[in-house]
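> Turn this into a model:
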Amino acid sequence: MVVLVDGQRKELSGGFRRTTNNRMELMAAIEGLKTLKEPSDVLLYSDSQYLVKAMEQGWAKRWRANGWMRTPRERAINPDLWKQLLDLCERHQVKFAWVRGHAGNPENECCDRLSVQAARAKNLAADEEFERSAAKEPSLFDLPDD
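From the prediction side, this is the model:
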């Protein structure tokens, strides 16, 4: 991720050995907001429609209000991360904006390079919540074994 604050630029990256792209998009937003020491006005750009729509259209708040249910029979996916993100958005004034991926946006292209580099790292940590959830309901994730 790229964090720009008061003319300062910070590039951060990381990853897990087995997770999903959606979880990583959420984690990037969370980690970016965690870098802010004071409550701030934030414009958070992402190429993840999942992230941007869930926040801008109020889906994540509705899932939380409904006990992390998307519908009466369908659980929300990634409630652990949505909770963290919603909590951070209560500290900061955050507006989410979608940017098309791989369309020449310099910051988005940088984020893509950082994420590819992080995913290739050896000895990645476990995304423990994902692995617990995948073990309980593997059909939700459809990831092959490594």
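> C-alpha only now, for contacts and for neighbours.
Will do.
> Which residues are in contact with Cys110?
1-2 (Cα atoms under 8 Å, 6 or more residues apart in numbering).
> Pull up the gap between Thr19 and Leu124, please.
Thr19 is 11 Å from Leu124, where distance means Cα to Cα, to the nearest Å.
> ok, the two, which is more surrounded?
Remark: of Thr19 and Leu124, Thr19 carries more neighbours, 18 against 14, as counted by other Cα atoms under 10 Å.
> Contacts only, for the more buried one.
Contacts for Thr19 (Cα under 8 Å, 6+ apart) come out as 127, 130-131.
> Emit the PyMOL select command for whichever of the residues you listed are buried.
Buried residues within the contacts of Thr19, by 16 or more other Cα atoms under 10 Å, are selected in PyMOL with:
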select buried, resi 127+130+131
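> Closest to Leu81 out of the contacts of Thr19?
Phe130 (10.2 Å; Cα to Cα).
> Could you check the host helix or strand of Lys53 and say which residues are buried?
Using DSSP states H and E, Lys53 sits in helix 49-56. The neighbour-count criterion (16+ other Cα under 10 Å) identifies 51-52, 54-55 as the buried residues of helix 49-56.
> what about dumping the CA coordinates of the helix or strand Ala134 falls within to CSV?
Element membership for Ala134, per DSSP H and E: helix 128-136. Taking Å, rounded to 0.1, in the frame of the first residue of the first chain, the C-alpha atoms of helix 128-136 are listed here in CSV:
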residue,chain,number,x,y,z
GLU,A,128,-5.0,-17.7,11.1
GLU,A,129,-8.6,-16.5,10.9
PHE,A,130,-8.8,-17.4,7.3
GLU,A,131,-7.4,-20.9,7.8
ARG,A,132,-9.8,-21.6,10.7
SER,A,133,-12.7,-20.4,8.5
ALA,A,134,-11.6,-22.4,5.5
ALA,A,135,-11.2,-25.5,7.6
LYS,A,136,-14.8,-25.1,8.8
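> Run through the residues that contact the residue most central in space within the chain.
Compute the mean C-alpha point of the chain, and by Cα atoms, centre = their mean the closest residue is Leu26, 0.9 Å away. Taking Cα under 8 Å, 6+ apart, we find Leu26 in contact with 51, 81-82, 85.
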